[in-house]
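# Predicted structure and sequence below. I'll ask about it afterward.
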Amino acid sequence: MLFVLRLVIALIFIVSGFEKLISPSENFLYVLQAYAVFPDVLAGIVAVVFPWIELVIGLFLALGLWLRPTVLILACMSGSLIMVVIQAIIRKLPIDSCGCFGNLVHLPLHGVIILDVTIFLSAMLFLQNISAVRRFSLDQFYDKTSV
Amino acid sequence: MKLTKVGSTIAIVLGMVVMVCGAKGVLMLQASEAKRPVVLGKTFGVVNAPVKIEEFTDFQCPACAAASMVLHEEIKKESSKIFLELKYFPLAMHAHARRAAVAAQCALAQNKFWPMQDMLFRTQKVWSLAKDPTDYFLSLARGVGLDDKKMMRCMSDQATELKIEEDVKEGNSRGVNATPTFFVNGKMVVGAPNFQAALKDALK
């Protein structure tokens, strides 16, 4: 069960990161600006770096590589995203679609909160059951070979 | 040769970078081939102006309406330096955007594109809420002096839809996924505030 959940979250991050990376970064910059949390210069940097982090997290989760730090980053990331979306809802920012998956899927902000909370809770579950999460992982493979 | 954990990590990250760069390269190549010749009528200014702008717009997008009011006025002030070309990019999430683009395209056929696009943006809040905005578009067309029968014929013609689709295909190939998206001398800029800054730089 945890293995399947790990793969599903990995897939979400891989698709989301890859879609942003292959499309011009100006699109994601526009999405970030709509949330009005970063100054322009920082938003420009985040627009370039964030999709790479998403893709790395997705790949590492899928392969089960460096699982503990990856899950910790996943928890921090989803926690931060929840905050960003909540502030956008409170400030009634005119955002039709979250922009999290580029042009692939259009999720309203309330839908994103549900998704991010699910990911955050899953990350917490992973941290509590890290040995179970490490089934079928490269971490497990390397632990075995190093013994 | 046995790969260590760190070695595997480096190999995976490198593989990922190569894959992304490869995919991006292919898409950039497609984008450079996607640009089509200028369609006069949906343009403003002189063709050989130093600042060339392409705008991908959606008539049902509130940000496009706001941008249109302000930016097109600004562009008119600098009309000798700017050449603007408008392209349709109706987003799937806007139910009537494609129909509005069809109406604008039909106005273009009668050389009244700009007055029609102006009316479409000004009345956006009204027709966005309509179940079927066709009658409303026809009344707008009458208001800007378009021939009713020609307009109706054109709006039900499949060829008009194809013209919209050509713009959408071009936009997709060039990485457009939000509106308004501009290309200022070929450089992509998304959103009106970013465009204003880019335009200011280009006009320096």
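Sure thing, it's come through. Residues are numbered from 1 along each chain as shown, chains lettered A, B, ... in the order given.
# Mean pLDDT per helix and strand in chain A: which one sits at the bottom?
None of the helices or strands of chain A scores lower by mean pLDDT, DSSP states H and E than helix A:138-146, at a mean of 82.
# which SS class is the nearest residue to A:A47 once chain neighbours are set aside?
Once flanking residues are discounted, A:A47 sits nearest to A:L29: 4.0 Å by Cβ to Cβ, 6 or more residues apart in numbering or on different chains. In this view, the C-beta of every residue, glycine as well, is placed from N, C-alpha and C. Following DSSP: H, G, I helix; E, B strand; the rest coil, the label given to A:L29 is helix.
# in chain A, which spans are helices?
A:2-22, A:25-35, A:40-63, A:67-90, A:109-128, A:130-133, A:138-146 (DSSP state H).
# Return the set of buried residues in the last one.
Looking back up the chat, that one is helix A:138-146. Neighbour counts over helix A:138-146 (16 or more other Cβ atoms under 10 Å in any protein chain shown) mark A:138-139, A:141-142 as buried.
# Which of those residues sits closest to B:S68?
Ranked by distance to B:S68 (Cβ to Cβ), those are led by A:L138 at 52.6 Å.
# Now do the same contact list for the closest one.
A:L138 sits next to A:63-65, B:5, B:8 when contact means Cβ atoms under 8 Å, 6 or more residues apart in numbering or on different chains.
# Which members of those are classed as buried?
A:63-65, B:5.
# Give me the subset of these that lies in strands.
Among the buried ones among the contacts of A:L138, DSSP state E puts none in strands.
# Assess the claim that B:G143 and B:D118 are in contact.
No - the pair B:G143 / B:D118 is not scored as a contact, 10.7 Å apart, by Cβ atoms under 8 Å.
# could the buried ones among the contacts of A:L138 go into CSV alongside distance to A:D116 and pLDDT?
Listed next are those as CSV, based on distance: Cβ to Cβ, whole Å; pLDDT from 0 to 100:
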residue, distance to A:D116, pLDDT
A:L63, 23, 95
A:G64, 22, 94
A:L65, 23, 93
B:K5, 30, 88
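# re the thing from before, when B:G143 and B:D118 are compared, which one has more neighbours?
Legend: neighbour count by other Cβ atoms under 10 Å in any protein chain shown for B:G143 and B:D118, higher for B:D118 (16 against 12).
# who in chain B is up against chain A?
Within reach of chain A by Cβ under 8 Å from any Cβ of the partner chain, chain B has these residues: B:2, B:4-5, B:8-9, B:12-13, B:16, B:20, B:23-24, B:27, B:62-63, B:92-93, B:175-178, B:181, B:188-191, B:193-194.
# quick one: which of those residues sit in helices?
B:5, B:8-9, B:12-13, B:16, B:20, B:23-24, B:27, B:62-63, B:193-194.
# picking that back up, between the buried ones among the contacts of A:L138, which is nearest B:T123?
Ranked by distance to B:T123 (Cβ to Cβ), the buried ones among the contacts of A:L138 are led by A:L63 at 53.8 Å.
# what bits of chain A have low per-residue confidence?
Within chain A, the segments meeting pLDDT under 70 span A:146-147.
# What does the pLDDT read for the residue positioned nearest the centre of chain B?
Residue closest to the mean C-alpha point of chain B, counted by Cα atoms, centre = their mean, is B:F56 at 1.1 Å. pLDDT, B:F56: 96.
# Quick check: it touching B:S173?
No - with contact defined as Cβ under 8 Å, B:F56 does not count as touching B:S173 (11.6 Å).
# Chain B: helices as residue ranges?
B:5-34, B:62-77, B:97-109, B:113-122, B:124-128, B:134-143, B:148-155, B:158-173, B:192-203.
# deepest of those, which one?
Highest mean neighbour count of those: helix B:97-109, a mean of 25 (counted as mean count of other Cβ atoms under 10 Å in any protein chain shown).
# Now do that one and helix B:113-122, the angle between them.
Angle between the axes of helix B:97-109 and helix B:113-122 is 150 degrees (criterion: axes from the mean of the first three to the mean of the last three Cα atoms, to 10 degrees).
# where does chain B dip in pLDDT?
Looking at chain B by pLDDT under 70, you get B:1.
# contacting residues for residue 70?
Picking chain A for this. Per Cβ under 8 Å, 6+ apart, neighbours of A:T70: A:57, A:60-61.
# Chain B, not that one
B:A192.
# same deal with B:P115?
Neighbour list for B:P115: B:107, B:144-145 [criterion: Cβ under 8 Å, 6+ apart].
# Right, I'll call it a day here.
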